[in-house]
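**Student:** What follows is a protein structure lacking sequence information:
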């Protein structure tokens, strides 16, 4: 038997290529099966509620890879309370939120429709109605067959009034389902921007009751519902921004663990939402789009209106501006804008304190004195802004000390300073806590160094939402208003001028004068001595290296021996073949 010919390179390459193709096909098949199985679970979860049946002329199916526009509707339908049998609330859309997911854009757009916007639409019975836009859901619900009728008229009205060409899918929930979903999800950590309190009294104003303290805290179902459903003492823009802030904090907290806990969230979503999305193909397309856009920031698009006594109005120019920004203006904060803000905030030699072009208001001595009296109640320094962006009509600062409990049930002393910017509902917050890694401060967008501090910046579209820094055993941060109304330069300037209210003076020896930097002399450098422990560690490290070297030599010798054995086996097989031929 002739010796085995050497194998050609192309033959080996072909085998490797075939093996790679086989692996890719098997992996692709397994991925496809897994994806189909996951889509089936989502479809099953969404099947917990009846589907919203709307014609394709109203909700248009999306093509694969194309942008999708989603409509989230909060139905404020309430049964009459026991104390008032005639106090039922008809179905109406308390919240209308449009979400635009475009794979070609760097951000996700989110636009809240002012619920009190006065519009004209045609009811299912042919009547022409001029009323608040959220009443379209009521007329469609009552005259067109429940949720599907309400959604149909609502979508038609939005497309007609706003000029939005396509809405692809709709998700509807109500107060009870929302409250239950937040509890089942595990609650949400977020900042309550100010003190909210209202209790309905007989003969007084009847609003949604609320009782929330300001500051970063864990909101469960009832508190979360109070926060997002409150419609008292604020503008339409502030109300909608409150809802958007809650959704953004939910995304920030649960987004990173969404895949690991997907079955839990699928079940919660399916139970809380009524939707038109029930087929596997539509679910698969939306899931692919969501996965592709999972890491993108969410941009809050403002919808400016004119506030009247009972309704809001908007000019065609205001509507066009909001829609154009929603569809096309998905741009993140520019690097140039941030660099200018950082450069302006950096202190300069021989320059007056402050930022050029900014008119910051000095903090009153009364506010600082109140903070100094409260500072000893905290186990860390209480830092207070020496200047802020505020106006003459602003309310006095509110300082609130409290404890916040983290995910492991540990309590952390915390304080919040609520600063009124001067407009209705325009509050921003300065906070400090021994909880140095809350969900709010996860995954900063950028880190900059200004003076002796390192600031973490968290963006929201073209704005800075939060600025954070850490000193000692505490974390400090400034959170923008609900509408992100403070520009980056002012945010950084306020952060740079936020300092402890009680200075920790250096302790000197009695009779000694403070040491100046020029007279400071460093002690001579002491030569390091090697301890017995260090010698033992070095010896063990050397033995480890020797062991690795010996093992390498042993493996090489074994390979050579195996090669000799293979040659001997091949020669024996050749001799055996020759004997059989004879």
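**Tutor:** That came in fine, so what should we check first? Since the structure is predicted, the reported quantities are computational estimates derived from the model, not experimental observations. Residues are numbered from 1 along each chain as shown.
**Student:** need the contact list for residue 209.
**Tutor:** Applying CB atoms under 8 Å, 6 or more residues apart in numbering, one finds that residue 209 lies in contact with 198, 199, 200, 226. For the C-beta atoms, the positions are set from N, CA and C on the backbone; glycine is no exception.
**Student:** Could you identify which of those residues has the most neighbours?
**Tutor:** The member of these surrounded by the most neighbours (other CB atoms under 10 Å) is residue 226, with 19 neighbours in all.
**Student:** what about that one, distance to residue 220?
**Tutor:** Counting by CB to CB, to the nearest Å, the gap from residue 226 to residue 220 is 10 Å.
**Student:** circling back: could the contacts of residue 209 go into a markdown table alongside distance to residue 130, secondary structure and pLDDT?
**Tutor:** Formatted as a markdown table, these follow (distance: CB to CB, whole Å; DSSP: H, G, I helix; E, B strand; the rest coil; pLDDT from 0 to 100):
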| residue | distance to residue 130 | secondary structure | pLDDT |
| --- | --- | --- | --- |
| 198 | 30 | strand | 88 |
| 199 | 34 | coil | 85 |
| 200 | 30 | coil | 81 |
| 226 | 32 | helix | 91 |
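**Student:** Of those residues, which is the nearest to residue 278?
**Tutor:** When the contacts of residue 209 are compared for distance to residue 278, the smallest value, 32.2 Å, is given by residue 226; criterion: CB to CB.
**Student:** Which residue ranges of the stretch 151-300 of the chain form strands?
**Tutor:** For the stretch 151-300 of the chain, the strands defined by DSSP state E, counting those that start in this stretch cover 169-174, 188-192, 196-198, 210-212, 215-219, 274-275, 298-301.
**Student:** follow-up on the earlier one: which pair in the contacts of residue 209 spans the largest distance?
**Tutor:** Across the contacts of residue 209, the two members that end up farthest from each other (CB to CB) are 200 and 226, 13.0 Å apart.
**Student:** Mind putting the contacts of residue 209 into JSON lines with distance to residue 387?
**Tutor:** JSON lines is the format used below for the contacts of residue 209 (distance: CB to CB, whole Å):
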{"residue": "198", "distance to residue 387": "33"}
{"residue": "199", "distance to residue 387": "37"}
{"residue": "200", "distance to residue 387": "40"}
{"residue": "226", "distance to residue 387": "33"}
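**Student:** ok, of the residues you listed, which one's closest to residue 96?
**Tutor:** Set against residue 96, the nearest of those by CB to CB is residue 226 (19.9 Å).
**Student:** Excluding residues flanking it in the chain, which one is nearest the residue most central in space within the chain?
**Tutor:** Averaging the C-alpha coordinates of the chain gives a centre point, and the residue nearest to it by CA atoms, centre = their mean is residue 252 (2.8 Å). Setting aside the residues directly before and after it, residue 252 is nearest to residue 439 in space (CB to CB, 6 or more residues apart in numbering), at 6.2 Å.
**Student:** Could you give the number of residues near that neighbour?
**Tutor:** Residue 439: 19 neighbours (other CB under 10 Å).
**Student:** per-residue pLDDT, residue 19?
**Tutor:** Looking at residue 19, its pLDDT reads 59.
**Student:** To clarify, my last question referred to residue 502.
**Tutor:** Looking at residue 502, its pLDDT is 90.
**Student:** where in the protein is pLDDT low?
**Tutor:** Applying pLDDT under 70 to the chain picks out residues 1-38, 80-89, 144, 204-206, 294, 329-357, 504-582.
**Student:** State the helix or strand in which residue 404 lies.
**Tutor:** For residue 404, the element it lies in under DSSP states H and E is strand 398-405.
**Student:** The following helix or strand past that strand pairs with which strands?
**Tutor:** Secondary structure here is assigned by DSSP H and E; on that basis, the next helix or strand after strand 398-405 toward the C-terminus is strand 411-420. The strands beside strand 411-420 in its sheet (DSSP bridges) come out as strand 398-405 (antiparallel), strand 427-433 (antiparallel).
**Student:** re the thing from before, so which of the strands of the stretch 151-300 of the chain gets nearest residue 236?
**Tutor:** Comparing these against residue 236 with CB to CB, the closest turns out to be strand 298-301 (13.7 Å).
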